[in-house]
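Undergrad: Provide a 3D model corresponding to the input given below.
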Amino acid sequence: MLNCLHLYGRRLNLINHVDVGLSFALFLVGLAVYLMQWLALPPAIGRDAAELGLNAYDLLQENIFPFYVYHQFAPSPLIIYMQSFAVALFGYSIASLQVVTIVAGALAAPTTYWASRWLFEDQGTVLARRAGVIAALGLALSSFFASQSRRGDEPILLPVVAVVAVAFLWRGFRRGHKLDFVLAGLFVGLSQYAYIVARFFPVALALASAGAVLANHRLLAHWRGLIWAAASSVLVALPQWILFIAFPYTFVARVTVHYARPPGGSWIFDLPDPVTAFAAKLSNQLLTLCCYSNLRANLLTEKSLLPPIFVVGLVIGVVVVTMQRRDGHIFASLMMVLMFLPDLLTYEDMGDFAAIDHSRLVGGIPFIFVIAGLGTATIWARIENIRRLPSWIGNLVLALVLLSSLFRQWDFATQVRPQLLAQHGSSSITTQVVEYIGNQLDRPLLLPTRQYFPPQVAFLLAEHFPHRQAGSQHTLKHGEIVTAVVVDPERSMEDGFPEEWVLLRDKTVYFLPPMPESIEPLPGEETEIVGSDGAKLAKAFVARWQGEFPTYMPLDVPFTNHLNLVGFQSNDLEAGSPLELTLYWQPAQRLKRDVELFVQLYDRNRDKVVVNDHSWPLFGVFRIRAWQPEEIMPLSYSLPIPDDLPPGPYHLNVGIFDVIAHERVPLVTGRDTHLVKTFKIPLPKDDRLPDISTGINFGNIIELSGYSLTPVNGGLKLTLFWRALASPEIDYTSFVHIVDSDGKIVSQSDVEPLDGRYPTSIWSPKEVIVDERIVSSIPDGEYQIYIGWYWHQEDGWQRLSTVARGGMPATDHVLLDTIALP
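TA: Sure, this is the predicted structure:
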C-alpha cells in the first residue's frame, strides 16, 4: 500500500488532506444541488434516456452487449453499462437511469477542482486551490449543468471523464510520474465510449498540449510520459477504432442524415455559406455564455449560462492568459475554445443553422469555469495585495461567487421550476398510465401498439413485463375478458378502437398483427384514468376478445443475414388512402447485427418514389437481435398515398439495410430488394363510345370492342377501345401499322397501352381501356390499317393471334380499316 502511495505521490503530503476534504465537500454540494432540483420535479423521462434504458434492458434480458456502439440510434456504450448496473440494483425505473447521470454530473465539480489544482500549481498552491474551488462551485451550483445531469442521457459523462484525464495529465507534467500519464491515457481512451463529441477530445487535448509545450519547452522533458499516455489511450480505444476503420460511417453515426430518425447533426460545410453559419453560431455561443441564453433545449430562462461574477472572471482570465502565457493557462484556454468546436461545426435545425445544441456544449463548460476561476482567483489575490484594505476583504470575492450562484438556484425555484412543471405533462401522463397498468395485472391488458412504441413507455413497462415476443393465435383465446387501455381521455366506445394491439400478460409483451373489430367492449365497463392533479389521462375498457388472426400470403424470401420474409398482407392501393400492409418476418437464427427494414413503393419505371419508409423494426423498442429463432414477427405499416397518384402499376419492394456497413443486405439470390406485390391505381371510368364496333378476340385475353378514326394534320388519330377478357400475365405491346398498296409499312406505332403507363399485366377482367394513338408522317394516299399484339421473349418477340370465328381464320395481324388521306 505504501509503495502504491509512494508511486502515486512520492510523499503522502502531496495528496493533501485539504485537497481531499475540499474535493469531497464540492462533490456533496453538487450532489445535493442536483438531487434537490431532481426531486423538485415530478418523475419524467426523455426519449434519449429511455432509448438508453432499452439498451440496458437488452443487455440484462437478452445478453446483448453494446461493446462498440449500439447499432440503433448510435449511443455510446459507457453509459449503457453504468445504467445496466443501476437497473439491476433498482429495477426499471426513471431513478435508475437518472441517478447515474446525477452522480456523474456531481463528480465534475471535484474533478474540475483537481484539474485547476494541477494546471495552476506553478502560481502557488493558494491561487491554484482558489481557482479550483471557484470553478468547482460554479459547476456544482450551475442550473445548466444540473439540468443536463438530471436528464439521464449520455452527454454528461464527457465532462467528468475529460476533466479527470486533464487532471492526471497535468499531475504528470508537474510530478513526472509515469502512472499519472498512464491514467490520463486510460481516461482519454475511455472518453471515446462516453459520447460522440468525445471523438474530438483527443484532438483538442493534443493541440492544447502542443500549445502548452510551446509556452514551456521544459514540458518536453516528459516525452516518455506522453508516449505512455498515448499508448494507454490507444489501447483502451482500439476496439472502437477497429470498428471505425472497418466501417467508416460509424465514426460520424450521429453527424449525418440517418434513415430511422431526424438527423443527428450535419456539417456546416455542407451549407451554401458555412462562414456565415460559423460566425452566427459563434456569436450565439458567446451571447449564451455571457449575456442571455439561446439554447434549443433551454433552462426556460433567458439568463446566461455564466452568472455575472463568472463573466467578469472569464474576461479577467482571458487577460491573464494573454499577458502571462503560462503553460497551464495556454492549455486551459485552448481546451475551452476547442471543446466548443463540435457545436460550431455542426447544425441540426434546418430552419435555424445558428441554433446551439446544449449537449455539444457540455464538454467545454468545465474549461469555461476553469478560466473564469483563474480570473476570479486573480482578482481575489490582487485585492489581498492592496494594503489599505483589511486582509479579510478578499474573501468577499468567494462570497460573491456563492451569492451569484445561489441566485441562479433561486431563479430555478421561482422561474424555471413552474415552467418545467407545466411542460412535464406528457411525460407525467406516461408514468402515471404505466403505474395504472402495473396495478391491473389480474387480467390480460391490451395497449394500442402505437402507444407502446414511445421508448419511455416500453422502458417503464419492462418493470412489470420484462419479456417480449411475437403473438400467435394461441396467445389470447376467443371470448377472453381483457382490459384495453387507450391514452385518449376523450375516446368513447362509439368512437371505435385501434386494430393493432400489444398484449400484456404473464410478464410478457406480445406483439399482435392488425385485427379489425378485435374487441367488444362490455357495457358499463369504462373507467377514466385520472392523474394526481385530477386531470383525465386515459381510459380503460373491459372488453371481450373477438380477434381472429389474419391469414396472409405466404412467402419464402431468405436474406443472407438469416432473416426471412415469410408472409404479406395488405389492402388495395387507392389514391388518397393509406396503404395498410403487414410483413411477417422470421429469423432462422439469432441475428448478430441490428438492421433497418425499408419498404418502397415505386411507379413502373422507378421514376417516382411514392413511399420510402426506412425504419427500425418496431421503432427500436424490440430490437431485431432479440427476436427468437423461428418466431414469426408481424410488422405493420400505414403508408400515406398522395391524392393525385395517377393510374398505373406500382411496385412494392422490401429490403434490409445494414446501418453499420451502410449497405443493403442481399437476398440469397443476390438481389438487394424483393418485389412483394404490384399494385395498381385503376383508370377512371371513360364514358366515350367507339364510332365503329368490332369484337376482335386476341387469344381469349384481350378484345378490341371498337375504334374511332380521325385524320389529323400529317397523320391519323386512332382511338382503340380494349376490353380485358382475362388477367394478362405479361405485358403486351400493341402495334398499329399503316400499309400502302404495295404492302409496305409507311408509318407505325408500337407501344404499350397509354404510352406504357397502363401495361396489360395489371388489367382486370372486363376492364375497358381507351387508348388514343397518333400515327404521324403519313403521306397522302390510300392505306390499310393493321393492328395486333406481341410480347418480347429471350429469342425475339412473339405475336398474339386472334381466335378464329365465323369462318375467319386466326391471324396475328388484323386488318382494321382502309382509309384515304387527305
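Undergrad: which residues of the stretch 1-150 of the chain score low on pLDDT?
TA: Counting by pLDDT under 70, the stretch 1-150 of the chain contains low-confidence residues at 1-15, 66-75.
Undergrad: So what sits opposite residue 545 in the bridge?
TA: residue 519 (DSSP bridges).
Undergrad: Contacts only, for it.
TA: By Cβ atoms under 8 Å, 6 or more residues apart in numbering, the contact list for residue 545 reads 444, 476, 477, 478, 479, 480, 481, 482, 518, 519, 520. C-beta coordinates here come from the backbone N, C-alpha and C atoms, glycine included.
Undergrad: Helix, strand, or coil at residue 742?
TA: For residue 742, the assignment made with DSSP: H, G, I helix; E, B strand; the rest coil gives coil.
Undergrad: per-residue pLDDT, it?
TA: According to the prediction, residue 742 has pLDDT 90.
Undergrad: neighbours around it, how many?
TA: Counted by other Cβ atoms under 10 Å, the residues lying close to residue 742 total 6.
Undergrad: which ones are touching it?
TA: By Cβ under 8 Å, 6+ apart, no residues touch residue 742.
Undergrad: so which helix or strand takes in residue 374?
TA: Residue 374 is located in helix 365-384, with elements delineated by DSSP states H and E.
Undergrad: Now do the buried residues in that helix.
TA: Of the residues in helix 365-384, 365-381, 384 count as buried by neighbour count, 16 or more other Cβ atoms under 10 Å.
Undergrad: Compute the distance from the centre of that helix to the centre of its chain.
TA: The gap between where helix 365-384 is centred and where its chain is centred comes out at 40 Å by Cα atoms, centre = their mean, to the nearest Å.
Undergrad: Tell me the buried residues in the following helix or strand past it?
TA: If you walk from helix 365-384 toward the C-terminus, the next helix or strand you reach (DSSP H and E) is helix 395-411. Going by neighbour count (16+ other Cβ under 10 Å), the buried part of helix 395-411 is 397, 398, 400, 401, 404, 405, 408, 409, 411.
Undergrad: what's around residue 679, how many residues?
TA: By other Cβ under 10 Å, the residues close to residue 679 number 21.
Undergrad: that older thread, which members of the buried residues of helix 395-411 are the farthest-apart pair?
TA: 397 and 411 (21.5 Å; Cβ to Cβ).
Undergrad: who does the longest helix along the chain touch, helix- and strand-wise?
TA: The longest helix of the chain (DSSP state H) is helix 94-119. Under the contact definition 3 or more Cβ pairs under 8 Å, 6 or more residues apart in numbering; DSSP states H and E, helix 94-119 sits against helix 17-39, helix 47-62, helix 78-90, helix 125-140, helix 143-149, helix 157-175, helix 327-338, helix 365-384.
Undergrad: So for residue 310, which of these sits nearest?
TA: Nearest of these (Cβ to Cβ): helix 365-384, 4.3 Å.
Undergrad: Just want the angle from the helix or strand hosting residue 242 to helix 157-175.
TA: Residue 242 is part of helix 223-246, with elements assigned from DSSP H and E. Relative orientation of helix 223-246 versus helix 157-175 (axes from the mean of the first three to the mean of the last three Cα atoms, to 10 degrees): 150 degrees.
Undergrad: send the alpha carbons of helix 223-246 over as PDB?
TA: What follows is helix 223-246 as a C-alpha-only set of coordinates in PDB (Å, rounded to 0.1, in the frame of the first residue of the first chain):
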ATOM      1  CA  TRP A 223       8.100  13.000 -23.600                       C
ATOM      2  CA  ARG A 224       8.300   9.400 -22.300                       C
ATOM      3  CA  GLY A 225       5.200  10.000 -20.200                       C
ATOM      4  CA  LEU A 226       3.300  11.400 -23.200                       C
ATOM      5  CA  ILE A 227       4.200   8.300 -25.100                       C
ATOM      6  CA  TRP A 228       2.800   6.200 -22.200                       C
ATOM      7  CA  ALA A 229      -0.400   8.300 -22.200                       C
ATOM      8  CA  ALA A 230      -0.800   7.900 -26.000                       C
ATOM      9  CA  ALA A 231      -0.200   4.200 -25.800                       C
ATOM     10  CA  SER A 232      -2.700   3.600 -23.000                       C
ATOM     11  CA  SER A 233      -5.300   5.700 -24.700                       C
ATOM     12  CA  VAL A 234      -4.900   3.800 -27.900                       C
ATOM     13  CA  LEU A 235      -5.100   0.500 -26.100                       C
ATOM     14  CA  VAL A 236      -8.400   1.400 -24.500                       C
ATOM     15  CA  ALA A 237      -9.900   2.900 -27.600                       C
ATOM     16  CA  LEU A 238      -8.600   0.400 -30.000                       C
ATOM     17  CA  PRO A 239     -11.600  -1.900 -30.200                       C
ATOM     18  CA  GLN A 240     -13.800   1.000 -31.100                       C
ATOM     19  CA  TRP A 241     -11.300   2.400 -33.600                       C
ATOM     20  CA  ILE A 242     -11.200  -1.000 -35.300                       C
ATOM     21  CA  LEU A 243     -14.900  -0.600 -35.900                       C
ATOM     22  CA  PHE A 244     -14.400   3.000 -37.200                       C
ATOM     23  CA  ILE A 245     -11.700   1.800 -39.600                       C
ATOM     24  CA  ALA A 246     -13.700  -1.200 -40.800                       C
END
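Undergrad: what's the offset of the helix or strand just after that helix from the middle of its chain?
TA: Counting by DSSP H and E, the next helix or strand C-terminal to helix 223-246 is strand 266-267. Centroid separation for strand 266-267 versus its chain: 15 Å, with Cα atoms, centre = their mean.
Undergrad: So in that sheet, which strands flank strand 266-267, and in what orientation?
TA: By DSSP bridges, strand 266-267 pairs with strand 346-347 (antiparallel).
Undergrad: For residue 681, list the residues it contacts.
TA: Shown in contact with residue 681 (Cβ under 8 Å, 6+ apart): 573, 574, 575, 645, 646, 647, 648, 650.
Undergrad: what's across from it in the sheet?
TA: residue 648.
Undergrad: circling back to that earlier point, relative to residue 82, which of the buried residues of helix 395-411 is nearest.
TA: residue 409 (27.0 Å).
Undergrad: Could you tell me what pLDDT the model assigned to residue 673?
TA: pLDDT at residue 673 comes out at 94.
Undergrad: how about it, what does it touch?
TA: By Cβ under 8 Å, 6+ apart, residue 673 lies in contact with 600, 653, 654, 655, 664.
Undergrad: And for residue 38?
TA: 98, 102, 150.
Undergrad: Identify the spatial nearest neighbour of the first one, chain neighbours not counted.
TA: This points to residue 98. residue 152 (4.1 Å; Cβ to Cβ, 6 or more residues apart in numbering).
Undergrad: quick one: that neighbour and residue 47, what's the gap?
TA: Separation of residue 152 from residue 47 (Cβ to Cβ, to the nearest Å): 11 Å.
Undergrad: again with residue 412
TA: Counting by Cβ to Cβ, the gap from residue 412 to residue 47 is 23 Å.
Undergrad: same question, residue 787
TA: Distance from residue 787 to residue 47, by Cβ to Cβ: 62 Å.
Undergrad: quick one: which of those two has more around it?
TA: residue 787 (22 against 14).
Undergrad: Any idea which helix or strand in the protein has the lowest mean pLDDT?
TA: helix 2-9 (a mean of 40; mean pLDDT, DSSP states H and E).
Undergrad: Give me the domain ranges for this protein.
TA: 2-423, 428-545, 553-681, 692-821 (automatic domain parsing).
Undergrad: which of these sits most buried?
TA: Most buried of these by mean neighbour count (mean count of other Cβ atoms under 10 Å) is domain 2-423; its value is a mean of 20.
Undergrad: How far does that one sit from its chain's centre?
TA: 25 Å.
Undergrad: Alright, that wraps it up for me.
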